[in-house]
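Enquirer: build me a structure from this.
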Amino acid sequence: QLQLVESGGGLVQPGGSLRLSCAASGFTLDYYAIGWFRQAPGKEREGVSCISSSGDVTRYTDSVKGRFTISRDNAKNTVYLQMNSLKPEDTAVYYCAASLGVLRCLAQKVDSWGQGTQVTVSS
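Expert: Below you'll find the predicted structure:
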């Protein structure tokens, strides 16, 4: 069974940083593109970033470009999302998900979802 577990969320002040982790169990991430998605209260889920299985292709939604960085360590079976210069509008539940390919990730065609981690940006 594919299982993804997110961690690293929390409360941070505007301008602060957090690093989210997405760890896999029961399967290896090597063959999967991994995406980070978020959903704020009353809003639809949106894609934040995707990274290819090898890590050589990354994509970001416009609102986080230059502030967020996605990376992966296949040896640790983990994908990260470094979030800097956080804004109140980044407040949401963040989910990671595995897809068989970056194009599927970008289309939110997901094979496995994590349970989510709350990120709150507030003073």
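Enquirer: now do Pro88 against Cys50, distance only.
Expert: Going from Pro88 to Cys50 by CB to CB, to the nearest Å gives 24 Å. Where you see a C-beta, it was placed from the backbone N, CA and C, and this is true even at glycine.
Enquirer: who has more neighbours out of these two?
Expert: In terms of neighbours (other CB atoms under 10 Å), Cys50 is the more surrounded of Pro88 and Cys50; the figures are 26 against 11.
Enquirer: so that one bridges to which residues?
Expert: Going by DSSP bridges, Cys50 is paired in beta bridges with Gly35, Arg59.
Enquirer: touching, it and Thr61? I think so.
Expert: No - Cys50 lies out of contact with Thr61 (CB atoms under 8 Å); the separation is 9.6 Å.
Enquirer: element containing the nearest residue to Leu11 once chain neighbours are set aside?
Expert: Excluding the flanking residues, the one nearest Leu11 by CB to CB, 6 or more residues apart in numbering is Thr120, at 4.7 Å. Counting by DSSP states H and E, the element that carries Thr120 is strand 117-121.
Enquirer: ditto for Gly47
Expert: Secondary structure assigned from DSSP H and E places Gly47 in strand 46-51.
Enquirer: how far off centre is that strand?
Expert: Computed by CA atoms, centre = their mean, to the nearest Å, the separation of strand 46-51 from the middle of its chain amounts to 6 Å.
Enquirer: go on, stretch 86-102?
Expert: Between the centre of stretch 86-102 and the centre of its host chain there is 4 Å, according to CA atoms, centre = their mean.
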